[in-house]
Structures are given as structure tokens and as C-alpha cells.
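Asks: sequence and predicted structure are below.
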Amino acid sequence: MKNNVKELLAYLEGFITENRKVGFLRVLKNRTKHFTVAIEDVYQLHNTSAVMRSCEVFGIQELNVIEEKFGKRIDTEIAMGAQKWVDVNRFNSVQSCINELKGQGYQIIATTPHNDSCMLHEFDISKPSALFFGTERNGLSEEVIQQADGFLKIPMVGYTESLNISVSAAIIIQDVTNRLRQSEINWQLTEDEVLDKRLDWTRKSIKDIEFIEKKFYEIKE
């Protein structure tokens, strides 16, 4: 199966520029699934899109969006193309998201000014973690708080007690991914994951991809 994927990728790469191929490899070298981000019922659409953009910029490959209360679509104007490069997993309930991420081996980290919260700079980055962010007004639900394996907060020294979700996410994601890349933790994508993303991104870069893939399989026959 892997050889088939490699053959298809080699064929499709003939339809994109060398610069794009090199760019994919460069970006994927800094991609990680060691951390993933989950956002819970964010009402304001632009915040969902802005969090996605932060994930893309700082190398988080997967974003989990819980849509229990509010229907969503990606605001492409804010995301600025990030939706092409970040994998978005959608969930209809908080519990299904938690179950899925725990099943993948992630610890659930609630970002909240909780009394027992760990300060951002003290957060242990060694464990695969799902970073949960809550709604603009009410923060994370009690469902997430009760099932969280840990709590994380941003140090603040002013009168204001909270930040916009997209700002909070950007600060936290930048900090933990920067420390991760400077560590000796095995945080990068696996060879198979890199291959899968190269194929995915190459396909997204080609017009008339269905016609071109059909030609490939006709040649193979």
C-alpha cells in the first residue's frame, strides 16, 4: 500500500513546481501531533478561524472543533488558507471529542484560570496533550473541567482577568511548540504521516485532480 502511495505521489508531483515540493517538506519537518488543540462551542466564527491559523503558523497539524451548540463553517478570510494545511476534526459533543483524544493517548489539558492551574512556562511538554479552549463568555464547560488531566493558564499581571480565545490560543501554542522544537522529545510526524500529508497537499494543489488521478490508474492498468 505504501509503495502505491509513493508511486501516486511521484506521479502527481510532476504537476506541481519544485519550489512547492520543497516547501511541503520544509513545513512538514516542523509539523507535530504531539500537541493537538480542541475548541469548544466557540460562538464567534472568526475566533475558530483565527485559532486554526495559529495552529498552522506554529506547526500544530490537527484542530478539533466541538459543535454541540453552534453550527460552524470556516471563515476563509480569517483562516487565510490555513484550512488547506490543518486537519480539522469535527465533533457533535464534548464527550465524543474527549473520548477520541484520550483513545489516541492524549492527556486532556483545560486552559483556564483555575486555582490549581499550572503556569504556562511551568507546563510539562513531554506528554502528548490536547489543549482545550472554551467559549468567549463562559470558558470551558464543566464537562471538560471535570475530566481534565491538568489545568493551564497564562500569567497575567494587569487588571484584566481573561484574554480573547484566539489570543490565548496563539500565546499558548507558540510557547509550547517553541519549547518542543528545542527539546529532545520525539515530536515530529512519522514517515507515514509525512507521506500522507505530502499526498494530501499535492492533491489540493492540482486543478482537475480527479481527471489526473484517473489517468494515473489507467496507465497502471
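Replies: Yep, it's here. Note that the structure is predicted; figures quoted are calculated from it, not measured. Numbers count the residues shown, from 1 in each chain.
Asks: longest single helix anywhere in the protein?
Replies: In the chain, with assignment by DSSP state H, the single longest helix is helix 165-181.
Asks: ok, residues contacting that helix?
Replies: Residues from elsewhere that reach helix 165-181, judged by Cβ atoms under 8 Å, 6 or more residues apart in numbering: 30, 32, 34-35, 37, 39, 42, 46-47, 50-51, 54-55, 58-60, 111, 120-121, 123, 125, 129, 131, 133-136, 152, 154, 162-163, 187. For glycine as for every other residue, the C-beta is placed from the backbone atoms N, C-alpha and C.
Asks: list the buried residues for that helix?
Replies: 165, 166, 168, 169, 170, 172, 173, 175, 176, 177, 180 (16 or more other Cβ atoms under 10 Å).
Asks: coming back round to it: tell me which of the contacts of helix 165-181 fall in strands.
Replies: Counted as lying in strands by DSSP state E, out of the contacts of helix 165-181, are 35, 37, 39, 111, 129, 131, 133, 152.
Asks: and those residues as CSV, adding distance to residue 92, pLDDT and neighbour count?
Replies: As requested, the ones in strands among the contacts of helix 165-181 are exported to CSV (distance: Cβ to Cβ, whole Å; pLDDT from 0 to 100; neighbours: other Cβ atoms under 10 Å):
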residue, distance to residue 92, pLDDT, neighbour count
35, 23, 98, 25
37, 18, 98, 25
39, 14, 92, 26
111, 22, 93, 26
129, 23, 98, 22
131, 21, 98, 24
133, 18, 93, 23
152, 26, 95, 23
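Asks: in JSON lines: those residues, plus distance to residue 142.
Replies: Shown next, in JSON lines, are the ones in strands among the contacts of helix 165-181 (distance: Cβ to Cβ, whole Å):
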{"residue": "35", "distance to residue 142": "24"}
{"residue": "37", "distance to residue 142": "20"}
{"residue": "39", "distance to residue 142": "17"}
{"residue": "111", "distance to residue 142": "15"}
{"residue": "129", "distance to residue 142": "20"}
{"residue": "131", "distance to residue 142": "18"}
{"residue": "133", "distance to residue 142": "15"}
{"residue": "152", "distance to residue 142": "17"}
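Asks: identify, from those, the entry nearest to residue 4.
Replies: Residue 4 lies nearest to residue 35 out of the ones in strands among the contacts of helix 165-181, by Cβ to Cβ, at 31.1 Å.
Asks: now the element after the helix or strand bottoming out on mean pLDDT in the chain, going C-ward?
Replies: Lowest mean confidence among the helices and strands of the chain (mean pLDDT, DSSP states H and E): helix 76-79, at a mean of 52. Later in the chain than helix 76-79, the nearest helix or strand by DSSP states H and E is strand 87-91.
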